[in-house]
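Asks: Below are the sequence and a predicted model for it; my questions follow.
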Amino acid sequence: MDFNNLILEKKESIAIIKINRPKALNALNTETLIEIDKAIEDLKNDNDVNVIILSGEGKSFVAGADIVEMKEKTAAKAREFGNLGAKVFRKIELIEKPVIAAVNGFALGGGCELAMACDIRIGSEKAKFGQPEVGLGITPGFSGTQRLSRIVGAAKAKEMIFTGNMIDAKEAEKIGLVNILVSKEDLMDEAMKMAEKIASNATIAVKYSKTAINRGIETDIETGIEIEKDLFAICFSTEDQKEGMGAFIEKRKPNFKNK
């Protein structure tokens, strides 16, 4: 698949998507959002890919949504644009394969929202995060008010969104917005190491674990426990469960086949 605004690479069972609009600091316009949607849909159906890494080309992860494109939108057109971004980011969140955000620089507005839609965020020490939309006369539009409050808590989310202040990578790690901080030079290597570690485990078990977490966190704990028990039981109908436990008993490395 050819893209104008993305670079898509595959290294064994790991796919790397890079937003590639460096002159615009990788700002998200309609075309870029549509391309991300197509890339995720393609990878969703690619049985050779187990883990996805999202990053940005150049000095920015994603500096926000494209203000040049947004400036003259009517309320109706803004709703369409917000719906597109929300739909694409929800697809990233719900894809059964783990998605790692390798945040190399500015992750502001739509960029912070894109990172939050990923399962795990690894940040460069040079990364910056924020939801500065109120300074432009708008609210976050790609589900930022919803995900930020769920990740860092309502009070901290309100502080960040109401002030529009940008925070550095250390603060982002402190509040739980970033899982791990590494040097800019080591960012992609660390993201690949984590992706490889995830990919070495039973794909079905990782998929069901993601499903259990995503579904459980949106419901009460009793329902979440039932979801987990069902998925735990289903694992015992797979060849990978037999292989994994057999390898443990035999003290050897498992050979998972995603079956």
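Replies: Received, thanks. Since this is a predicted model, take the numbers as computed values, not measurements.

Asks: how far is the host helix or strand of Glu35 from where the chain is centred?
Replies: If you go by DSSP states H and E, Glu35 is part of helix 30-44. Here the centre of helix 30-44 is set off from its chain's centre by 13 Å, with CA atoms, centre = their mean, to the nearest Å.

Asks: ok, residues contacting stretch 24-39?
Replies: Here stretch 24-39 makes contact (CB atoms under 8 Å, 6 or more residues apart in numbering) with 1, 3-6, 8, 17, 19-21, 56-69, 81, 84-85, 87-88, 91-92, 106, 110-111, 114. All C-beta atoms are positioned from the backbone trio N, CA, C, and that covers glycine.

Asks: Tell me where the protein has helices.
Replies: Along the chain, counting by DSSP state H, helices occupy 30-44, 67-70, 75-94, 110-117, 144-152, 154-163, 169-174, 187-199, 203-216, 221-235, 239-250.

Asks: in the shortest one, what counts as buried?
Replies: For helix 67-70, the buried set under the neighbour-count rule, 16 or more other CB atoms under 10 Å, comprises 69-70.

Asks: ok now that helix, how far from the chain's centre?
Replies: Counting by CA atoms, centre = their mean, helix 67-70 comes out at 24 Å from the chain centroid.

Asks: do the last one as well
Replies: The gap between the average C-alpha position of helix 239-250 and the chain average comes to 30 Å, counting by CA atoms, centre = their mean.

Asks: Pull out the CA atoms of that helix and give them to me as PDB.
Replies: Coordinates of the C-alpha atoms in helix 239-250 are reproduced here as PDB (Å, rounded to 0.1, in the frame of the first residue of the first chain):
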ATOM      1  CA  GLU A 239      -2.400 -25.300  20.900                       C
ATOM      2  CA  ASP A 240      -0.300 -22.500  22.300                       C
ATOM      3  CA  GLN A 241      -1.400 -23.200  25.800                       C
ATOM      4  CA  LYS A 242      -0.300 -26.800  25.500                       C
ATOM      5  CA  GLU A 243       3.000 -25.800  24.000                       C
ATOM      6  CA  GLY A 244       3.700 -23.000  26.500                       C
ATOM      7  CA  MET A 245       3.000 -25.200  29.600                       C
ATOM      8  CA  GLY A 246       4.700 -28.200  28.000                       C
ATOM      9  CA  ALA A 247       7.800 -26.100  27.300                       C
ATOM     10  CA  PHE A 248       7.800 -24.800  30.900                       C
ATOM     11  CA  ILE A 249       7.700 -28.400  32.300                       C
ATOM     12  CA  GLU A 250      10.400 -29.500  29.800                       C
END
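
Asks: buried set for it?
Replies: Buried, per 16+ other CB under 10 Å, within helix 239-250: 240-241, 243-244.

Asks: what's the most distant pair in those residues?
Replies: Gln241 and Glu243 (7.3 Å; CB to CB).

Asks: Please enumerate the shared neighbours of the two.
Replies: Common neighbours of Gln241 and Glu243 (CB under 8 Å, 6+ apart) are Ala202.
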